[in-house]
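> Need coordinates for the following:
(chains A and B, ligands or ions: 2)
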Number of protein chains: 2
Amino acid sequence: MKELKLEVILSTEKKQKPSFDHLEFGKYFTDHMFIWNYTEGKGWHDPRIVPYQPITLDPAATVFHYGQTVFEGLKAYMTKDEQILLFRPDENFKRFNRSNDRLVMPELDEEGALSALKQLIQIERDWIPTAEGTSLYIRPFMIATEAFLGVHPAKTYQFMIILSPVGAYYKEGINPVKIAVESEYVRAVAGGTGNAKTAGNYAASLKAGEIASENGYSQVLWLDGKENQYIEEVGSMNVFFKINGEVITPALNGSILEGITRKSVIELLNYMNIPIVERKISIHEIQQAYQDGVLEEAFGSGTAAVISPIGELLWKNEKMVINNGEIGSVSKQVYDTLTGIQNGIKEDPFGWAVRV
Amino acid sequence: MKELKLEVILSTEKKQKPSFDHLEFGKYFTDHMFIWNYTEGKGWHDPRIVPYQPITLDPAATVFHYGQTVFEGLKAYMTKDEQILLFRPDENFKRFNRSNDRLVMPELDEEGALSALKQLIQIERDWIPTAEGTSLYIRPFMIATEAFLGVHPAKTYQFMIILSPVGAYYKEGINPVKIAVESEYVRAVAGGTGNAKTAGNYAASLKAGEIASENGYSQVLWLDGKENQYIEEVGSMNVFFKINGEVITPALNGSILEGITRKSVIELLNYMNIPIVERKISIHEIQQAYQDGVLEEAFGSGTAAVISPIGELLWKNEKMVINNGEIGSVSKQVYDTLTGIQNGIKEDPFGWAVRV
Ligand SMILES: Cc1ncc(COP(=O)(O)O)c(C=O)c1O
Ligand SMILES: Cc1ncc(COP(=O)(O)O)c(C=O)c1O
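Numbers count the residues shown, from 1 in each chain, chains lettered A, B, ... in the order given. Ligands and ions are numbered 1, 2, ... in the order given. Model prediction:
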């Protein structure tokens, strides 16, 4: 891989690190960040690693008004023998560019960005926590910075990478979460931006999330925007159901995010010879399976939450308790294998773990 | 109205003003801006008018990642006798709060914000252009500023007002624009954020806008996200059709913006005894009316574009030329009356124009 030539300005003061044993998600940031600027007609320029610092933008910058922004999320893990591993990072930068295209934002040099990320992580290696369930969360993102009012794509952009040592995304950790099926609000619809990783999708999701949270549920399960019955995904996870021995996950349809963990889970299940299908699945089918006693397991998949078993699904007034609210055996197997590969503890027959 | 007590720091240097005869939309900003901060537990604090200047934010600020942001757009006009008029500004701040609620953002003190706006405009009165078709565009907006990664509402926000002297939104001015009906992309769906004025809606609209623009169309006309046949609105305008003597505009359905110009046009048409109905209307009905020779006029309504006649609609391969591509008589009447009230030239029987 070609190395991106960049300027490095190291910080003179190091931050005090938080206790790595009680890490909350996304609260602490490392000493440095990567910045890369884009100007129409000039292309990408001035890649640099600088001390973590505030961004200064004109109040009329496009990102504040018209939401031209794309982000990604991946993780770095420290192995027992002090190697740093990334999980399928090329997939994240590929998705970054698919999102960019939808948002009419400039294409990123994927190799260059991955090279910059590796250089940044080397500098921040002391920030990678090692306790079980912890990792260094990586947030690449791009924002439109041009100062104007009026709805059209900007001419200047800034790509950045920031890093945050994290623990579990849900306070439940690997314990099953309770999820409410949303019947009023909609996250995305075919033809919209649902399969792009862009800010507006998350903004749209907050209201339903707040209501679910007030009622004691961790997140919501979204249904499709057209018929309000087909399962889409959870706030920041794709979703899998095991019904009568077969694992089912909603097919990619343009309105759900093409999760990299989702893709890996499918490949893993195939490898394990566990039946897995991607297809449309309605909430009524889930409910029927539950009533018939064949809804055996449910879990979410995502970079932040890894594999998160779902212990209860609330749909209108029906509380569906799955596998007695305990983690199921397929969920556990997938969790163990995936985290094992990510941490370098298990063999990686797929070549997913990438050394920094 | 109670006056908001605020700090005022005047800029020591004044910017050179652009030529007020050739104003582009949203390119120039005045010397000062208003800022107001919100902190959970403390409420709104530190309202201030300061020199127009960059905003400094942590790279992890919520607005960059999860798009918690709301904005408004209204205009100030200078009358012949040097009075400054605003057009129904209370409606904008009411809508601001409806948007805030959808985005789980803190409620704004509407009276306080309007008072701050008036004080800011007084300071910037030299920036209000007077030529026909020009005005001072006002952009109140709020962004989430808390630094964290993870999908939940922020605890800190910043509300701001910036001002920009503007000319016509479309290069066509009052001349009819060409609009392409969008059949692939979707802007918003019922249950989503379509009726909130938030960044993500506009980000979602860029791709279709780009394609339309490449084909020589000014903007797209959106269809509903469920059935892809009912007319919603244009990029930054609500839309009206005159068919067989009756004016029709899509009913408010949760996915289109509740335009203040739209509301005013409806009230005006009622006042003028011109038949106006709000109802669902499909693109097929428009096409049929066109083929039957009874599609008499079409126009968009919005703060930026005021009344913008539509001279051509493209739907799949059919080009519908409306009223020979010229402004229709109802469109012209509405345009004249509305701009007349806004500029203080015509009598205002509704009490819409508010003195600063
Ligand atoms: C909406 C949404 N769905 C699904 C996922 C899971 O995707 P991945 O496995 O690539 O992290 C995420 C998180 O990235 C997400 O934000
Ligand atoms: C999506 C959208 N629809 C309609 C409008 C028109 O609304 P108003 O008349 O309040 O300016 C606007 C502009 O504000 C808009 O952005």
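> Where do the strands of the stretch 101-250 of chain A begin and end?
Per DSSP state E, counting those that start in this stretch, the stretch 101-250 of chain A carries strands over the ranges A:135-144, A:156-166, A:177-181, A:219-223, A:231-234, A:238-243, A:246-249.
> Tell me what angle the following helix or strand past the last one forms with strand A:238-243.
Put plainly, it is strand A:246-249. Toward the C-terminus, strand A:246-249 is succeeded by helix A:260-271 as the next helix or strand (DSSP states H and E). Interaxial angle of helix A:260-271 relative to strand A:238-243 (axes from the mean of the first three to the mean of the last three CA atoms, to 10 degrees): 30 degrees.
> Would you give the sheet partners of the next helix or strand after helix A:260-271, along with the direction of each?
For helix A:260-271, the following helix or strand on the C-terminal side (DSSP H and E) is strand A:276-278. Here strand A:276-278 has these sheet partners by DSSP bridges: strand A:246-249 (parallel).
> Can you list the neighbours in contact with the strand it pairs with?
The contact list for strand A:246-249 (CB atoms under 8 Å, 6 or more residues apart in numbering or on different chains) reads A:238-242, A:262, A:265-266, A:269, A:274-279, A:281, A:330. For glycine as for every other residue, the C-beta is placed from the backbone atoms N, C-alpha and C.
> Just confirm A:Gly192 contacts B:Lys207, I think it does.
No: counting by CB atoms under 8 Å, A:Gly192 does not reach B:Lys207; the two are 10.4 Å apart.
> So for these two, which residue has more residues nearby?
Using other CB atoms under 10 Å in any protein chain shown as the criterion, A:Gly192 and B:Lys207 rank with A:Gly192 on top: 27 against 20.
> Could you tell me what pLDDT the model assigned to the more buried one?
pLDDT for A:Gly192: 96.
> Apart from its neighbours in sequence, what residue is nearest it?
B:Val186 (4.9 Å; CB to CB, 6 or more residues apart in numbering or on different chains).
> how close does the one you found sit to ligand 1?
B:Val186 sits 18 Å away from ligand 1, going by CB to the nearest ligand atom, to the nearest Å.
> residue contacts, that residue?
Shown in contact with B:Val186 (CB under 8 Å, 6+ apart): A:189-192, B:204, B:222-223, B:225, B:228.
> again, 7 Å this time
Going by CB atoms under 7 Å, 6 or more residues apart in numbering or on different chains, B:Val186 touches A:189-192, B:225.
> could I get these as CSV with distance to ligand 1?
Shown next, in CSV, are these (distance: CB to the nearest ligand atom, whole Å):
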residue, distance to ligand 1
A:Val189, 14
A:Ala190, 15
A:Gly191, 17
A:Gly192, 13
B:Gly225, 18
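> Buried ones from the contacts of strand A:246-249, can you make that a PyMOL selection?
Buried subset of the contacts of strand A:246-249, written as a PyMOL selection, criterion 16 or more other CB atoms under 10 Å in any protein chain shown:
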select buried, chain A and resi 238+239+240+241+242+262+265+266+269+276+281+330
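> Helix, strand or coil: sort out A:Leu86 for me.
strand (DSSP: H, G, I helix; E, B strand; the rest coil).
> what about the nearest residue to it once chain neighbours are set aside, helix or strand, and which?
Counting by CB to CB, 6+ apart, A:Leu86 lies nearest to A:Val354, which is 4.6 Å off, once chain neighbours are set aside. Per DSSP H and E, A:Val354 falls inside strand A:353-355.
> Show the secondary-structure elements that that strand is packed against.
strand A:84-87 (3 or more CB pairs under 7 Å, 6 or more residues apart in numbering or on different chains; DSSP states H and E).
> Looking at the strand it packs on now, give me its mean pLDDT.
98.
> Which one of the residues in the stretch 51-200 of chain A is closest to ligand 1?
The minimum distance from the stretch 51-200 of chain A to ligand 1, using CB to the nearest ligand atom, falls at A:Gly73 (5.0 Å).
> Can you give me every residue that contacts that residue?
Counted by CB under 7 Å, 6+ apart, A:Gly73 has contacts A:137, A:139, A:303-304.
> same deal with A:Ile307?
Contacts of A:Ile307 (CB under 7 Å, 6+ apart): A:299, A:301, A:331, A:334-335, A:338.
> secondary structure class for it?
Reduced to three states by three-state DSSP, A:Ile307 is strand.
> What are the boundaries of the helices in the stretch 51-200 of chain A?
A:62-66, A:89-102, A:110-123, A:199-214 (DSSP state H, counting those that start in this stretch).
> most packed of these?
helix A:62-66 (a mean of 29; mean count of other CB atoms under 10 Å in any protein chain shown).
> Tell me the helices and strands packed up against it.
Looks like helix A:62-66 contacts strand A:135-144, strand B:135-144, helix B:199-214 (3+ CB pairs under 7 Å, 6+ apart).
> from the chain's centre, how far out does that helix sit?
23 Å (CA atoms, centre = their mean, to the nearest Å).
> among the helices of the stretch 51-200 of chain A, which is nearest B:Phe93?
The closest of these to B:Phe93 is helix A:62-66. By CB to CB, the value is 17.4 Å.
> Run through who's touching that closest one.
With CB under 7 Å, 6+ apart, helix A:62-66 has contacts from A:68-69, A:143-146, A:149, A:151, A:154, B:63-64, B:69, B:71, B:141, B:143, B:199, B:202-203.
> one step back: show the pLDDT at the residue nearest to A:Leu86.
pLDDT, read off for A:Val354, is 96.
> ok, it - contacts?
A:85-86, A:89.
> just these now: which is nearest ligand 2?
Once CB to the nearest ligand atom is applied, the member of those that ends up nearest ligand 2 is A:Pro89, at 37.2 Å.
> what's the burial count for A:Pro349?
A:Pro349: 9 surrounding residues under other CB under 10 Å.
> Leaving out the residues flanking it, which one is nearest to the closest residue to ligand 2 within the stretch 51-200 of chain A?
When scored by CB to the nearest ligand atom, the stretch 51-200 of chain A has A:Val151 as its residue closest to ligand 2, at 7.6 Å. Nearest non-adjacent residue to A:Val151, counting by CB to CB, 6+ apart: B:Tyr202, 5.2 Å away.
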